[in-house]
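J.: below is the sequence, then the predicted model.
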Amino acid sequence: MSISKWKIKGIVDDFTECGCCGRRGLKRTVAMMPLDADGNEDGTAEDVVYYGTSCAAQALGWSHSRVTDAARAARAQRKESDSFARRMISIYAPLEFAPARDKIRVFYGRNQGLRGKGLKATEEVAQLLSRARATLADTMVSPARPSRIEDFRPFAVIFTRDERIHLVQPLPLGRAEREKASGPLLRCVEQIRGKLTIVAALDAESARDVAYADDLTREYNTQAWHALHG
Ligand SMILES: [Zn+2]
């Protein structure tokens, strides 16, 4: 085999057969992308191989523990980029078809430091969204993750009096169940004399971001949610 170098892309729990020696029933495999002579990733998702840790160690010329460390680091990194992608979609997807002036306001509101750098906010937003969607559609180490506005779920976010997030709680999709869930939430709001906001987002982490965002972002978020769920 001419390929001598690989980059570890992550650990996969679903693939339990080593693509190198064919051993089956492994607890997990290591996903590796071939590198070209210059050390750049040389291929697409189809070129990724899934090796057991021993074979991966042999292919890389690494110790077993170095392989597991690298695989763990890759997994953590993917988790982080997935989470970033969900936040970007939760913030910007509802704004995707908004007038340019609204995108500009939201984008520069969130990225004050980029003002006057000659960026086109509308293009930046489009790029952020397409990168985020590609991240969540990447099936190299796990099945595709939800990434559409249709996948947004409602979250109750309770702020304390000094504008800190006290609680983020997913709400049921059905209106009746949602109303039932609101009783305890309203009592909590009363108790801490806080404020309740309902936002729609891909996960709780993104819900926090949306809740903390500017009024315009939250307006579009609410509109998108109502457009889908009435
Ligand atoms: Zn093997």
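T.: Structure's in. What do you need?

J.: so what does the host helix or strand of residue 183 touch, helix or strand wise?
T.: If you go by DSSP states H and E, residue 183 is part of helix 175-192. For helix 175-192, the packing partners by 3 or more Cβ pairs under 8 Å, 6 or more residues apart in numbering; DSSP states H and E come out as strand 153-159, strand 165-170, strand 195-201. The C-beta positions use only the backbone N, C-alpha and C, and glycine is treated the same way.

J.: quick check: residues of this protein near the ion?
T.: Taking Cβ under 5 Å from the ion as the contact definition, the chain meets the ion at 18, 20-21, 23, 52, 55.

J.: check which residues of the longest helix anywhere in the chain are buried.
T.: Taking DSSP state H as the assignment, the helix of the chain that covers the most residues is helix 64-92. Residues of helix 64-92 classed as buried by neighbour count (16 or more other Cβ atoms under 10 Å): 67-68, 70-71, 74-75, 78, 82, 84-92.

J.: now the helix or strand just after it: buried residues?
T.: Toward the C-terminal end, the helix or strand that comes next after helix 64-92 (DSSP H and E) is helix 100-110. Residues 102-108 are the ones in helix 100-110 that count as buried (16+ other Cβ under 10 Å).

J.: could you do stretch 208-225 as well?
T.: By neighbour count with 16+ other Cβ under 10 Å, stretch 208-225 contains the buried residues 208-213, 217-218, 220-222, 224-225.

J.: which pLDDT value goes with residue 2?
T.: pLDDT, residue 2: 44.

J.: who's in contact with the residue nearest to residue 14 when sequence neighbours are not counted?
T.: Closest residue to residue 14 apart from its sequence neighbours, by Cβ to Cβ, 6 or more residues apart in numbering: residue 142 at 7.5 Å. By Cβ atoms under 8 Å, 6 or more residues apart in numbering, the residues touching residue 142 are 10, 12, 14, 78.

J.: could you check how far residue 142 is from the ion?
T.: 21 Å (Cβ to the ion, to the nearest Å).

J.: measure that residue to residue 197 for me?
T.: As for residue 142, its distance to residue 197 is 31 Å (criterion: Cβ to Cβ, to the nearest Å).

J.: please parse the protein into its domains.
T.: Listed by automatic domain parsing, the domain ranges of the chain are 6-62, 78-137, 149-229.

J.: any idea how far the last one is from the chain center?
T.: So that's domain 149-229. Chain-centre distance of domain 149-229: 19 Å, with Cα atoms, centre = their mean, to the nearest Å.

J.: same check on the shortest one?
T.: Using Cα atoms, centre = their mean, the distance from the centre of domain 6-62 to the centre of the chain it belongs to is 24 Å.

J.: so for that domain, mean pLDDT?
T.: Rounded mean pLDDT across domain 6-62 is 91.

J.: how about low-confidence regions in this structure?
T.: Within the chain, the segments meeting pLDDT under 70 span 1-4.

J.: what count of nearby residues applies to residue 230?
T.: Residue 230 has 6 neighbouring residues, counting by other Cβ atoms under 10 Å.
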